[in-house]
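S.K.: My questions are about this predicted structure, shown below with the sequence.
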Amino acid sequence: MAYRPNVVGVDTAGSNDKDGLYEFVVHLEDGTMCRVFYNRFPEWKLTNISRLLKTPCPICRKDYICNCFEKFKGDIDVQLRDGRIEQLLA
Ligand SMILES: [Zn+2]
């Protein structure tokens, strides 16, 4: 069964409005949390993603650093930009 991240929430973890840099913590349906970094200039771009090590990776089951979520950057980016970031920063 292919893994598919489903974003259920997002919190702002840090921001620098002047430079357009933002850090968010993303909550996925399975309890996984990821830290993502965005640069909003010239347009919103997800620059980095890493899983928080609170729970084992749902893909490879490791409880230490892995790169599995690199593959899902685009998927998570689409879900975050579907209104969630605007809501947070409004
Ligand atoms: Zn993994």
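M.R.: That came through fine.
S.K.: Which residues does the biggest strand by length in the chain contact?
M.R.: Taking DSSP state E as the criterion, the chain has its longest strand at strand 7-16. With contacts defined as Cβ atoms under 8 Å, 6 or more residues apart in numbering, strand 7-16 is touched by 21-29, 35, 76, 79-80, 84-85, 88-89. For the C-beta atoms, the positions are set from N, CA and C on the backbone; glycine is no exception.
S.K.: for stretch 40-55, same thing?
M.R.: 19-22, 25, 31-39, 57, 63-66, 68-70, 72-73, 76-77, 80-81, 85.
S.K.: Please pick the buried ones from these.
M.R.: Buried members of the contacts of stretch 40-55, counted by 16 or more other Cβ atoms under 10 Å: 22, 32, 34-39, 57, 66, 68-69, 72-73, 76-77, 80, 85.
S.K.: So which of those sit within helices?
M.R.: Per DSSP state H, helices hold the following members of these: K73, I76, D77, L80, I85.
S.K.: For R35, see how far away N16 is.
M.R.: 15 Å (Cβ to Cβ, to the nearest Å).
S.K.: hmm, I was thinking of V25
M.R.: 6 Å.
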